[in-house]
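Undergrad: Task: produce atomic coordinates for the following.
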Amino acid sequence: MSYAAKKRAVVAFLVCFSVWPLAHRWLVASYDVDPWRLGGWAMYCTPKLRVEVGMVPEREGRPVDLELPDSLRRSADRFTQYRAVLGRFSNPERLAREALEQLEVDSVVVTVRRDRLDPRSGRVAGTREYFRYGLDEKGRVTGGRFSVRDLP
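TA: Alright, predicted model coming up:
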């Protein structure tokens, strides 16, 4: 390897090394990516905070009290871990598909609760996201995020 090629490689490494903390901080702020993961330095800006995922099966738009199978509970735990690390890059649609296939319901509501450090106040605040999924006539999963004011 020539001296010029080595120099270019070192310069490219230093540029990436200096830009990654800013990119990582942007991912944390924009997509709720875990600041303690992916090799960023944003972990020094926030404590380790929890993520909780809940599922509510529905029939005819009303919640149904069902015991979830163990396989679905494991899938929900796995999704919780993915959501905690990857933030909004992790979509609950796969979890909803599994629930709709295993349970005899019309739709399922997935709730994601995440604690965040509010940059303005410096306090921990909980946020909730709600997702409703159902199956269309072709068996495809439809739906997505909705607002609390859209609840019946």
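Undergrad: Quickly list the domain ranges of this protein.
TA: Using automatic domain parsing, the domain parsing of the chain gives 1-46, 49-152.
Undergrad: Mean neighbour count added to the ones you listed, as a markdown table?
TA: Just so you know, the C-beta spots here come from the backbone N, C-alpha and C atoms, and that holds for glycine as well. Below are the domains of the chain laid out as a markdown table (neighbours: other Cβ atoms under 10 Å):
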| stretch | mean neighbour count |
| --- | --- |
| domain 1-46 | 13 |
| domain 49-152 | 15 |
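Undergrad: Can you lay out the ones you listed as JSON lines showing mean pLDDT?
TA: Shown next, in JSON lines, are the domains of the chain (pLDDT from 0 to 100):
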{"stretch": "domain 1-46", "mean pLDDT": "86"}
{"stretch": "domain 49-152", "mean pLDDT": "88"}
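Undergrad: Show me what secondary structure element comes after the helix or strand that contains residue 25.
TA: Taking DSSP states H and E as the definition, residue 25 sits inside helix 3-31. On the C-terminal side of helix 3-31, the closest following helix or strand by DSSP H and E is strand 51-59.
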